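*Asks:* predicted structure and sequence below. I'll ask about it afterward.
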Amino acid sequence: MAKHTYQSAWTVYESAYYTVYPGKQRPAALHSSFVDSCFDSTNEYQSYRDEFFNGPAKEYLEEARREYDRLGGDGQFGGTDLDTGAALYALVRKYQPETIVETGVCNGCSTLFLLLALHENQTGQLYSIDYPFYADESLAEFKSETFDGYGGAAIPSDRDPGWIIPDDLRTRWTLRLGKAQEELPRLLDELPPVEFFIHDSEHSAPCMMMEFELAWTHLAEGGWILSDDIDWNDAWRIFTQVREPHQVGQIEPSMGYLRTSLKQH
């Protein structure tokens, strides 16, 4: 009875919230808009989603979480959930990028999903940058070196960023260690135009804006920028309003995407 009362109260609250804030889209509506905008049909998207869930992603992730617990990880495992992972996977499968750049790896969940898609594509390379936080480090000290809002996702002290990635997927992956503010400009200067850029590193407004602007100037025609935790500050909103990309939306409330037109760069 208590659970039913709680759910009923939440339904009333949710309905009132979207009445007061009509500009806010419900998560289901956001995702539906994403599918309609980025895929030829719902069936096309569903076929990639089915491929993802019928593949090894869930098994890899569950095994990694068990290993994390066995290792006594004191922090949070963190990482992209499977539903969001399926959306990332579907985008990479459909658009077949040759060059993907990702900031923020931690244990490697989103990295895993991207590499699984590249493996199926049989083409493409992922370049990742990570400034790792280890479980035996001081969270307060790490926040002082990065930003106060860091949530605490930690890597086991005896593992490397992306340790959950199986060996057979690593041939399409290059990892650089260091802060994105320092490593990203160097990396982008070394690479051809980037088809996909994904931000999931330091979620401070200055860092996010810096990454978005750098990525924008190095995007291929029709290239994509995706960002996690866009609701942490105004960086994404301001950037997309100023740059006016050809296409902009959200996969879910905290993850945004944009795409340039073929003539925008």
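*Replies:* Arrived safely, thanks for sending.

*Asks:* start to end distance for stretch 155-174?
*Replies:* End-to-end distance of stretch 155-174 (Cα to Cα, to the nearest Å): 18 Å.

*Asks:* now Pro185: how far from Glu98?
*Replies:* Using Cβ to Cβ, to the nearest Å, one gets 21 Å for the distance from Pro185 to Glu98. (Each C-beta comes from the backbone N, C-alpha and C, glycine too.)

*Asks:* the more surrounded of the two?
*Replies:* With neighbours defined as other Cβ atoms under 10 Å, Pro185 and Glu98 compare such that Glu98 has more, 16 against 13.

*Asks:* contacts only, for the more buried one.
*Replies:* Residues in contact with Glu98, defined by Cβ atoms under 8 Å, 6 or more residues apart in numbering, are 123-125, 192, 195.

*Asks:* tell me where the stretch 151-265 of the chain has strands.
*Replies:* With DSSP state E, counting those that start in this stretch, the ranges of strands along the stretch 151-265 of the chain come out as 173-177, 194-199, 219-227, 247-252, 255-259.

*Asks:* residues making contact with the second one?
*Replies:* Put plainly, it is strand 194-199. 88, 91-92, 95, 97-104, 110, 114, 188, 208, 211-212, 215, 218-220, 222-228.

*Asks:* at 6 Å instead, please
*Replies:* 97, 99-103, 211, 215, 218-220, 223-227 (Cβ atoms under 6 Å, 6 or more residues apart in numbering).

*Asks:* report the angle between it and strand 255-259.
*Replies:* Counting by axes from the mean of the first three to the mean of the last three Cα atoms, to 10 degrees, strand 194-199 lies at 160 degrees to strand 255-259.

*Asks:* and strand 194-199, how far out from the chain middle?
*Replies:* 10 Å (Cα atoms, centre = their mean, to the nearest Å).

*Asks:* then the fourth one?
*Replies:* Strand 247-252 has its average C-alpha position 12 Å from the chain's average C-alpha position, going by Cα atoms, centre = their mean.

*Asks:* before we move on, back to that, among the strands of the stretch 151-265 of the chain, which is the most enclosed?
*Replies:* strand 194-199 (a mean of 25; mean count of other Cβ atoms under 10 Å).

*Asks:* got any ranges where the stretch 51-200 of the chain has weak pLDDT?
*Replies:* Residues of the stretch 51-200 of the chain that meet the criterion pLDDT under 70 lie in 72-75, 139, 142-143, 147, 149-152.

*Asks:* that older thread, from the contacts of strand 194-199, which is closest to Leu61?
*Replies:* Of all these, Leu61 sits closest to Glu102, with 17.1 Å by Cβ to Cβ.
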